[in-house]
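Chemist: Sequence and computational prediction follow.
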Amino acid sequence: METTSIEIQHLYKTYSSQNSQVKALRDVSLSIPEHEIFGVIGLSGAGKSTLVRCMNLLERPDSGKVILGGQDLLALNKKQLRLCRQKIGMIFQHFNLLEQLNVLANVCFPLEIRGIPARRRKEKAMDLLQKVGLADKAKAYPSQLSGGQKQRVAIARVLANDPGILLCDEATSALDPETTKTILDLLKTIHNTMGITIVIITHEMAVVRDICTKVAVLDDGAVQECGNVAEVFHAPKSKAARRLLLMGDKEE
Amino acid sequence: MPNLGIEVLFRGTNLLRLLGGLWVAVRISLISTAISIFFGLMVGMLMVSKNKFLKLIFRLHLEIVRIMPQMVLLFIAYFGTTRVFGWNLPAEVSAVIVFSFWGIAEIGDLVRGALISIPVIQRESALALGMTQYQVYLYIILPQTIRRLVPLTINFITRLIKTTSLVMMIGIVEVLKVSQQIIEANRRTSPNAAFGVFAAVFLLYFLICWPISSLAGYLEKRWFQP
């Protein structure tokens, strides 16, 4: 099963607490073809994180469909979903490495869980560390690395499962612009050499402009606009897109 | 220099008797600690579950233990149960029951705190890597919980060891009781024995508790700044 395209259909998600209801997603539909680098941009609270968490069902939508490579995720049982998740990599704003393991062990970890023999997983992990440019830090601990280096380790770890899709949830938001650029370059290289579909969730215009081919603008839980990056940025139709553009200009 | 009354310690088998008393205190602490850690872990896990009834029970348990002085609990367990239920519990068993009752509540609460202090995102990223719930618990949540837990638990253990001195009130002859007996017995020949003997008791407690709390310090240093 090649899970590389993403179809989101009429997704709804509401969080309710005792005295309030937050409609995080309201009828969100998206179609992300294979081998795309797709951006989802929006201000905080727009529902971006909920949306990306629905793509691997860390969050279950109230209604709607999530179809990856023709496979309806909501129809899978626990075990099938778990196997499917191995093919959907995800990286996070705060990297989430295991602090007590060194870099190499962190990258080996998903392989260990899958029961790959020790020698093969070490070879593969070293190979991946080479790819992300951290082969010399294999024995270092996460606390000895910079933010950018930690994110590289997280990327190597996620690639250990040979994913068809990579979800990036604000993956560069904790990094400075310079480091952001190097991480984005790395993602581009990975995309070019491995043909992975990449979904980038961000609130930064610059990130979308740098790396994405298509973008969806999310505001108030709904898709306001969706199209090629050049078109959306050049002639934004929605109010939300114009607002984001204005903010982006101010930053630069 | 005034007579510090240390010579009493070396008269007859006094020093050995003190050490024997210390062993009683340590034995009660060891057994209670083992029981507390085992059941405390379970109680802690149940406290973060969604079951409201269980939560209420454990909350109540914790409050009772915190509010009641340990001595009152000891009296209830030893004297109280004899009159009301006709149980004839040995004093040491009562002591272990009381300290375990206390320890389970305290350690349970520490476990609860440690469990909820693990960020949700740790769980999420493990699930996103395709791990089972069980694997997430075993490889991600528990190791991090235990790291946070060890220094706190060791702290509690030293508190428990010190509190065992109360068991002399229900007739257990532990180190403090032995020291009183020694002082009483030598009242005529060494009126200053109180100083020397209690100083020795202080040293004995120190010798037991200090290595334990430096172990906590060592583990903390090793685990939190690799």
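Modeler: Yep, it's here. Numbering: from 1, shown residues only, chains lettered A, B, ... in the order given.
Chemist: How are the helices of the chain distributed by residue range?
Modeler: Since you didn't name a chain, this refers to chain A. Secondary structure of chain A (DSSP state H): helices at A:48-55, A:78-86, A:103-113, A:118-131, A:147-159, A:177-194, A:205-211, A:229-234, A:239-251.
Chemist: wrong one, I was asking about chain B
Modeler: Using DSSP H, helices in chain B cover B:14-47, B:52-67, B:70-75, B:81-85, B:91-117, B:120-128, B:133-135, B:142-163, B:175-185, B:193-224.
Chemist: I'd like to know which elements the shortest one is packed against.
Modeler: What that stands for is helix B:133-135. Contact partners of helix B:133-135 among helices and strands, from 3 or more Cβ pairs under 8 Å, 6 or more residues apart in numbering or on different chains; DSSP states H and E: none. Glycine gets a C-beta too; all of them are placed from N, C-alpha and C.
Chemist: For it, what does the pLDDT average out to?
Modeler: Mean pLDDT, computed over helix B:133-135, is 87.
Chemist: Name the residues that touch it?
Modeler: A:113, B:126-127 (Cβ atoms under 8 Å, 6 or more residues apart in numbering or on different chains).
Chemist: let's see it at 10 Å
Modeler: A:78, A:82, A:113, B:123, B:126-127, B:129, B:141 (Cβ atoms under 10 Å, 6 or more residues apart in numbering or on different chains).
Chemist: now those residues: which count as buried?
Modeler: Buried members of the contacts of helix B:133-135, counted by 16 or more other Cβ atoms under 10 Å in any protein chain shown: A:82, A:113, B:123, B:126-127, B:129, B:141.
Chemist: mind listing what the closest residue to chain B within the stretch 101-250 of chain A touches?
Modeler: The nearest approach of the stretch 101-250 of chain A to chain B comes at residue A:141, 4.4 Å away (Cβ to the nearest Cβ). Applying Cβ under 10 Å, 6+ apart to residue A:141 gives the contacts A:97-103, A:105-106, B:225-226.
Chemist: For stretch A:236-252, list every residue counted as buried.
Modeler: A:236, A:240-241, A:244-245, A:248.
Chemist: I'd like the average pLDDT over that stretch.
Modeler: 76.
Chemist: contacting residues for residue A:223?
Modeler: So residue A:223 contacts A:8, A:11, A:25-30, A:40, A:42, A:47, A:51, A:216-217, A:238, A:240 (Cβ under 10 Å, 6+ apart).
Chemist: actually residue B:132, sorry about that
Modeler: A:78-79, A:82, A:113, B:126, B:138.
Chemist: Closest one of those to residue A:229?
Modeler: The nearest member of these to residue A:229, counting by Cβ to Cβ, is residue B:126 at 32.9 Å.
Chemist: before we move on, the earlier item: from the contacts of residue A:223, list just the buried residues.
Modeler: The neighbour-count criterion (16+ other Cβ under 10 Å) marks A:8, A:11, A:25, A:28, A:30, A:40, A:42, A:47, A:51, A:216-217, A:240 among the contacts of residue A:223 as buried.
Chemist: Quick check: nearest residue in space to residue A:11, chain neighbours excluded?
Modeler: Nearest in space to residue A:11, with sequence neighbours left out and distances taken as Cβ to Cβ, 6 or more residues apart in numbering or on different chains, is residue A:64 at 3.7 Å.
Chemist: What's the separation between the one you found and chain B?
Modeler: 20 Å (Cβ to the nearest Cβ, to the nearest Å).
Chemist: Number of residues surrounding that residue?
Modeler: As a burial measure, residue A:64 scores 17 neighbours (other Cβ atoms under 10 Å in any protein chain shown).
Chemist: what do you get for residue B:212?
Modeler: Here the count is done by other Cβ under 10 Å, and residue B:212 has 13 residues near it.
Chemist: Then residue B:166?
Modeler: Around residue B:166 there are 20 residues (other Cβ under 10 Å).
Chemist: Please apply the same query to residue A:232.
Modeler: Neighbourhood size, residue A:232 [other Cβ under 10 Å]: 25.
Chemist: residue contacts, it?
Modeler: A:39, A:41, A:208, A:212, A:214-217, A:224-226, A:238, A:241, A:244-245.
Chemist: Where does chain B get nearest to chain A, which residue?
Modeler: Chain B approaches chain A most closely through residue B:130 (3.4 Å), counting by Cβ to the nearest Cβ.
Chemist: ok, the closest residue to that residue other than its chain neighbours - contacts?
Modeler: Excluding its sequence neighbours, the residue lying closest to residue B:130 (Cβ to Cβ, 6+ apart) is residue A:86, at 3.4 Å. By Cβ under 10 Å, 6+ apart, the residues touching residue A:86 are A:3, A:110, A:113-114, A:160-163, B:128-131.
Chemist: per-residue confidence at residue A:86?
Modeler: Here, the pLDDT recorded for residue A:86 equals 86.
Chemist: Closest one of the contacts of helix B:133-135 to residue B:36?
Modeler: Nearest member of those to residue B:36, counting by Cβ to Cβ, is residue B:141, at 21.0 Å.
Chemist: So that closest one sits against residue B:127, correct?
Modeler: No: the criterion here is Cβ atoms under 10 Å, and residue B:141 misses it with residue B:127 at 11.4 Å.
Chemist: quick one, what contacts the nearest residue to residue B:157 once chain neighbours are set aside?
Modeler: Here the nearest residue to residue B:157 in space, its sequence neighbours aside, is residue B:33; by Cβ to Cβ, 6+ apart that works out to 5.4 Å. By Cβ under 10 Å, 6+ apart, the contact list for residue B:33 reads B:40, B:99-100, B:103, B:107, B:153-154, B:156-157, B:160-161.
Chemist: Need the per-residue pLDDT for residue B:33.
Modeler: If you check residue B:33, the pLDDT there is 94.
Chemist: can you tell me how far it sits from residue B:164?
Modeler: 11 Å (Cβ to Cβ, to the nearest Å).
Chemist: between these two, what contacts are shared?
Modeler: Counting by Cβ under 10 Å, 6+ apart, the residues touching both residue B:33 and residue B:164 are residue B:99.
Chemist: Who are the contact partners of the residue nearest to residue A:11?
Modeler: By Cβ under 10 Å, 6+ apart, the contact list for residue A:64 reads A:8-13, A:25, A:27-29, A:54, A:74.
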